[in-house]
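Asker: Need the 3D shape of this:
(chains A, B, C and D)
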Amino acid sequence: MNSDYNSAEMMTVTASRALENGMTCFVGIGLPSEAANLARLTHAPNVVLIYESGTLQTKPEVLPLSIGDGELCESALTTVSVPEMFRYWLQGGHVSVGFLGTAQIDRFANLNTTLIGDYVSPKVRLPGGGGAPEIATNAGEVFVTLKHSKRTFVKDVDFVTTLGFGRDGKSRDGVPNIGKGPTRVISDLCVMKPDPDTKELIVTSLHPGVSKQDVIEATGWDVRFISGLETTPAPTAHELKILRDLKERTARHHAGESVGEKS
Amino acid sequence: MNSDYNSAEMMTVTASRALENGMTCFVGIGLPSEAANLARLTHAPNVVLIYESGTLQTKPEVLPLSIGDGELCESALTTVSVPEMFRYWLQGGHVSVGFLGTAQIDRFANLNTTLIGDYVSPKVRLPGGGGAPEIATNAGEVFVTLKHSKRTFVKDVDFVTTLGFGRDGKSRDGVPNIGKGPTRVISDLCVMKPDPDTKELIVTSLHPGVSKQDVIEATGWDVRFISGLETTPAPTAHELKILRDLKERTARHHAGESVGEKS
Amino acid sequence: MAEFLSLHDAVSSYVKDGATLAMEGFTHLIPFAAGHEIIRQGRRDLTLIRMTPDLIYDQLIGAGCASKLIFSWGGNPGVGSLHRLRDALENGWPRKIEILEHSHAAMACAYEAGAAGLPLAILRGYVGSDLPKVNNQIKFIECPFTGERLAAVPSVRPDVSIVHAQKADRQGNVLVQGIIGVQKEAMLAAKACIVTVEEVVDDLGVGPNACVIPGWAVSAIAVAERGAHPSYAYGYYPRDNRFYKEWDAIARDREAFISWLDENVLNTEGVQQ
Amino acid sequence: MAEFLSLHDAVSSYVKDGATLAMEGFTHLIPFAAGHEIIRQGRRDLTLIRMTPDLIYDQLIGAGCASKLIFSWGGNPGVGSLHRLRDALENGWPRKIEILEHSHAAMACAYEAGAAGLPLAILRGYVGSDLPKVNNQIKFIECPFTGERLAAVPSVRPDVSIVHAQKADRQGNVLVQGIIGVQKEAMLAAKACIVTVEEVVDDLGVGPNACVIPGWAVSAIAVAERGAHPSYAYGYYPRDNRFYKEWDAIARDREAFISWLDENVLNTEGVQQ
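Answerer: Numbering: from 1, shown residues only, chains lettered A, B, ... in the order given. As a prediction, the model looks like this:
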């Protein structure tokens, strides 16, 4: 792999490129937030970022650790209540894309952030749904980003916290007032998109230096590749600089700010 | 009748006395607003006044002409949206008393502000329900004030815009989460209260100088008088001074402010 | 993204004959300038939605723009009747008008539900009222958890909403301040929304939780100074209560109304009287 | 009418064993000082309601105060798991805890409905999710106007709500500013509500539409400086992100948690760490 950048950076830059000027993006915390703000600081200065904490059109200088850091409110156009955010802005149809992370994703792009194992006595208890279940159905479309591994890309999720296309790929069919669902998944190895007919996720682009075999070994189902498979363009020097500056500012900010806070 | 005050002043002062410190009053425009603010400026400085325009705990210097005059907002603790006012503050159970006027009232204290005659081709079309239908059922209790006449105090209203106790006096029985309904009606002749059993309005107090016959002749049903009928205490000099000052300030304000507005 | 247009162009591009139109502002910030522009452009067969029709709809109805009115309180606040509305209802002049009548609580909830993208609003309302007998859009549902009977009304989702606001910034973000009524809900519930503003500024200069509607949720912005007169704009000019009182005599008489309309609306090019 | 009490007295008078308790604040203004006071007073069998349990409920659950949790996202934001919550769910330590799990949208609507005095909230939600299979409080209704299938959840109406706010004035009117979350809804939805504030001032000094809750809608107010730490108070102090990160190690280990609790909560008299 190209030594100028690492796979995490490749993933973030690729995810950021999915966002375009004029999109209104409901941003999940973590990787999506990193990618969304990179987009805003590079090719999509007018992308509108919304966080579920109620901050509308926010432009944080540093990445928030939580979905409700003060930075998000201070740099927002305005901040509304959480019920208003979910009722007027998300359910009201003002969000063109929801950008989500997840613990598990399956071949039909269903997301599991609830648990591994059985609900009553879970092997691993995960945080739960948060905003995702309604973001995934009420936003115009959904982008998902997460690291690739057999534990994260599974044939069938243990629990459908958030609808992709359902256990059979058909769960959105004929449902009124529902968004397109996941239109692309960006990992540290590749980009996947749902097959137009079956809605199964197929690899449409491999990141530079990644082989089909790498993806096959990191995917929990018999993964397919699109004919005319592309290579994802590498990050530009500019993208890498902006990203690294952002992360460096963020690290300094979170370390610095907490000092004064301890007693 | 005592020459120191007129019957309209008697009505307003008597209505104002119905309000007590600590009550939270959802105020209708016109007579109720006059009475509520008189109460606030005399014996009940801590009565909380709410108007449907969203103004919470307002203390207008002059009487508003409309339910949403700037005066109400400028003197309010805060101003919320109209949906919030009806949902959180009224329906949410924070209003102890609703103070209403009406065009017609019947023996079971049902209010008609919709029309005289038939709905499809009305003889007289009135403004309609406004906030009253839900104020009357969601407030803890209701006070009603209007001038006495055979046209206004009728046996049965042409249209039940706002529930008193229903056509049969029983419409609140067994309804969950409903207020007590009208507990007193203040006119320019007397005070009426619902009979505890039948809910028919009966005269409990005659204003000074008013005879039973006066009330009988001005009432559209065979009106009854409580045993131990009282005489309403006359307005005090202080109440009259505050009321007249308020109305005089109001007249000056509405005349004055509009001058600059015409072009 | 909000487009800055002249009032004439904003109205002509978004308000079509037969449209469902909500012009809101609860006593405060009533978009009179826009209403007059609609009359000048001779729009017809409009379904007008407004909690309090007020003088603005009395004028549109008297001018023959409306075929239907959805409302909850149709008076001249503190003065009396809306005589043009009554003349239309009682005598069909200048044309018959259909009405759908609600309570304030139901309409406020219906706007809220419209903004929330829901098909219905639910409230504890209309108990014992005759209104459900004359409005077939009022239904009742049973709460699946408590069994309580609650009223349901369809959400308000107009083709176009028009509101007046104090300010917009150059990106088209709009500030509404003071009595905010159902302004935000009306804007968000509609397929398209026009905002007239007193002025356009560089910076709205408000606190973190002000009622600001982002430019990307607005279709068009038109500057209309004193565009809410004879209602008012908090921070700009007070309510012209004298005009509200004078309106009673003007609207009582068809001839007086027609000449008022000629002088103050039809023969002006958007100049505020 | 709001009563000014010490934090100790506010908690002891309103928070009883077995109560249904909502302590809100969406990342911002989380009432940690009140949470620690509840732990010190040894409350038991609480049903805890909160969209994001966060460290505050990780601490109450680890201290054994709770028998049930109603929530929608149970992580340490940007850090990882809430290990005390997981230990209770996975191993029943220090006691078994029952959970009722929602999405954010549903809980936000449930608070809104609670504040609105309604028994249920309706939303376009849970489509295709397995959550309704494990939460029998999620039902579906059919819109009587459109036939659309919509989710219904019971409104949230706690016995007691506790929130932290920036300021109260001497009449007990409360100002919440910045990320207001579901603070107002939690306060209005509850039978009783306690507000801890950074300070009491003569005048809140805010604009006409600020998020101010009148004193007559508040049960008790207690001054708790830095009462939201390690979360933050807009205008007073920033979020202590370092502590949120350090919590991961503390909460991972039962012994480490117990000694943290001893040092920082149990053996302090409401002194904020």
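Asker: Run through chain A and note the low-pLDDT ranges.
Answerer: Within chain A, the stretches with pLDDT under 70 are A:1-3, A:256-263.
Asker: Please name the nearest non-neighbouring residue to the spatially most central residue of it.
Answerer: For chain A, the residue nearest the mean C-alpha position is residue A:100 (3.2 Å; C-alpha atoms, centre = their mean). Among residues not flanking residue A:100 along the chain, residue A:28 sits closest, at 4.6 Å (C-beta to C-beta, 6 or more residues apart in numbering or on different chains). Heads up, the C-betas are built off the backbone N, CA and C, glycines and all.
Asker: Isn't the residue nearest to the centre of chain A up against residue A:139?
Answerer: No - between residue A:100 and residue A:139 there is no contact under C-beta atoms under 8 Å: 9.2 Å.
Asker: got the phi/psi numbers for residue 223?
Answerer: Here I'm looking at chain A. Dihedral pair for residue A:223: phi -70, psi 140, per degrees, to the nearest 10.
Asker: Not quite, go with chain C.
Answerer: Reported as degrees, to the nearest 10, the phi and psi values for residue C:223 are phi -70, psi 130.
Asker: The residue nearest to residue A:100: how many residues sit nearby?
Answerer: As a burial measure, residue A:28 scores 26 neighbours (other C-beta atoms under 10 Å in any protein chain shown).
Asker: quick one: contacts for it?
Answerer: Counting by C-beta atoms under 8 Å, 6 or more residues apart in numbering or on different chains, residue A:28 touches A:98-101, A:131-132, A:135.
Asker: go again using 10 Å as the cut-off
Answerer: A:35-36, A:51-52, A:67, A:98-102, A:113, A:130-132, A:135, A:143-145 (C-beta atoms under 10 Å, 6 or more residues apart in numbering or on different chains).
Asker: I figured residue A:180 hits residue A:194, correct?
Answerer: Yes - between residue A:180 and residue A:194 there is a contact under C-beta atoms under 10 Å: 9.2 Å.
Asker: Give the closest residue to the closest residue to chain D within the stretch 51-200 of chain A in space, chain neighbours not counted.
Answerer: Residue of the stretch 51-200 of chain A nearest chain D, by C-beta to the nearest C-beta: residue A:68 (2.7 Å). Distances taken as C-beta to C-beta, 6+ apart place residue D:27 nearest to residue A:68, at 2.7 Å, with adjacent residues excluded.
Asker: What's the local residue count around that neighbour?
Answerer: Residues near residue D:27, counting by other C-beta under 10 Å, number 28.
Asker: what's the answer for the one 10 residues further on, then?
Answerer: Using other C-beta under 10 Å, residue D:37 has 28 neighbouring residues.
Asker: so how far is residue D:55 from it?
Answerer: From residue D:37 across to residue D:55, the span is 15 Å (C-beta to C-beta, to the nearest Å).
Asker: How are the helices of the chain distributed by residue range?
Answerer: You didn't say which chain, so I picked chain A. For chain A, the helices defined by DSSP state H occupy A:7-17, A:31-41, A:70-74, A:82-84, A:132-138, A:212-218, A:237-259.
Asker: my bad, chain C
Answerer: Using DSSP H, the helices found in chain C span residues C:7-14, C:32-40, C:54-62, C:83-91, C:104-115, C:131-134, C:183-189, C:241-252, C:254-261.
Asker: which one of the ones you listed is the most hemmed in?
Answerer: Ranked by mean neighbour count, the helices of chain C are led by helix C:104-115 with a mean of 30 (mean count of other C-beta atoms under 10 Å in any protein chain shown).
Asker: quick one, it and helix D:104-115 angle?
Answerer: Using axes from the mean of the first three to the mean of the last three C-alpha atoms, to 10 degrees, one finds that helix C:104-115 and helix D:104-115 are set 170 degrees apart in direction.
Asker: Please see if helix C:104-115 touches chain D.
Answerer: Yes - using C-beta under 10 Å from any C-beta of the partner chain, a contact is recorded between helix C:104-115 and chain D, made by C:109, C:112-113.
Asker: near chain B, from those residues?
Answerer: C:109, C:112-113.
Asker: My read is that residue C:123 contacts residue C:148, right?
Answerer: No - the pair residue C:123 / residue C:148 is not scored as a contact, 11.7 Å apart, by C-beta under 10 Å.
Asker: what about these two, which has more around it?
Answerer: It is residue C:123, of residue C:123 and residue C:148, that has more neighbours when counted by other C-beta under 10 Å, with 25 against 15.
Asker: Tell me which of the helices of chain C sits nearest to residue A:4.
Answerer: Checking the helices of chain C against residue A:4 by C-beta to C-beta gives helix C:183-189 as the closest, at 45.8 Å.
Asker: Which pLDDT value belongs to the closest residue to chain B within the stretch 1-150 of chain C?
Answerer: The stretch 1-150 of chain C approaches chain B most closely through residue C:27 (2.7 Å), counting by C-beta to the nearest C-beta. Model confidence at residue C:27, given as pLDDT, is 95.
Asker: contacting residues around it?
Answerer: Contact analysis of residue C:27 by C-beta under 10 Å, 6+ apart lists B:29, B:51-53, B:64-70, B:72-73, C:51-52, C:54, C:77-78, C:179, C:181, C:231-232, C:239, C:244.
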